[in-house]
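**Student:** Return atomic coordinates for the entry below.
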Amino acid sequence: MDLLFKRRSIRSYQNRLVEDEKITELLKAGMAAPSALNKRPWHFVVIKERNTLDKITEIHPYSNMLKEAPLAIAVCGKKEEPYWVQDCAAAMQNILLAATANGLGSVWLGVYPREERADTIKKLLGIDNEYLPLGLCAIGYPNEEKQEKDIYESDKITILE
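**Tutor:** Numbers count the residues shown, from 1 in each chain. The predicted structure follows:
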């Protein structure tokens, strides 16, 4: 439970590369996500290239943190699979949690269902036509610290007994 509450959206990063071993751990975590009928419709694009990270900031209106982040992972899904969005969202959450567990900061940048944003990101990253990018995860060593928050809201719960 501690890991769940410790994970926060981090938007400021140190000028420090993320080790390949940690990137592999993040990808393993993503692929460990539950998947409807075990279809695993995901594909991950690891973006370390500074020029590409900077270009994303020109496309995605909420991606300025990529000017500092040394890494992003695009989580993409095979659009023909009916539950690709749910499966890829679970994979993205696993990556975010694994980042926290590895001493990294991260934030989820939504791409899908914004068609224009998805199409532009897809072209920039050279993603195969059968896939759509669900989102991007900016990742790096955090340059900010956020405290855990209790955001439990009992008024958003209905109990049927």
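
**Student:** The spatially most central residue of the chain in helix, strand or coil?
**Tutor:** By CA atoms, centre = their mean, the chain has its centre lying nearest to Cys137, at 2.9 Å. What DSSP: H, G, I helix; E, B strand; the rest coil gives for Cys137 is strand.

**Student:** partners of it in the sheet?
**Tutor:** For Cys137, the beta-bridge partners are Ile73, Trp108 (DSSP bridges).

**Student:** Quick check, it in contact with Leu96.
**Tutor:** Yes. Counting by CB atoms under 8 Å, Leu96 is a contact partner of Cys137 at 6.4 Å. (Glycine included, C-beta is placed from N, CA and C.)

**Student:** List the buried residues of the lengthiest helix in the chain.
**Tutor:** The longest helix of the chain (DSSP state H) is helix 84-101. Neighbour counts over helix 84-101 (16 or more other CB atoms under 10 Å) mark 84-100 as buried.

**Student:** downstream neighbour of the helix or strand of the chain with the lowest mean pLDDT in the secondary structure list?
**Tutor:** Within the chain, no helix or strand scores below helix 2-6, which has a mean of 92 by mean pLDDT, DSSP states H and E. Next helix or strand after helix 2-6 toward the C-terminus (DSSP states H and E): helix 20-31.

**Student:** Direction-wise, compare that next one with helix 84-101 and give the angle.
**Tutor:** 140 degrees (axes from the mean of the first three to the mean of the last three CA atoms, to 10 degrees).

**Student:** For helix 20-31, give me every contacting residue.
**Tutor:** By CB atoms under 8 Å, 6 or more residues apart in numbering, the residues outside helix 20-31 that reach it are 40, 42, 44, 46, 71, 73, 75, 91-92, 94-95, 97-99, 102, 104, 139.

**Student:** Off-centre distance for the very next helix or strand once past that helix?
**Tutor:** Note on helix 20-31: by DSSP H and E, the next helix or strand toward the C-terminus is strand 42-47. Here strand 42-47 shows a centroid-to-chain-centroid distance of 10 Å under the convention CA atoms, centre = their mean, to the nearest Å.

**Student:** now the angle from strand 42-47 to helix 84-101?
**Tutor:** 50 degrees.

**Student:** Spatially, what comes nearest to Leu4 if we skip its sequence neighbours?
**Tutor:** Once flanking residues are discounted, Leu4 sits nearest to Leu97: 7.2 Å by CB to CB, 6 or more residues apart in numbering.
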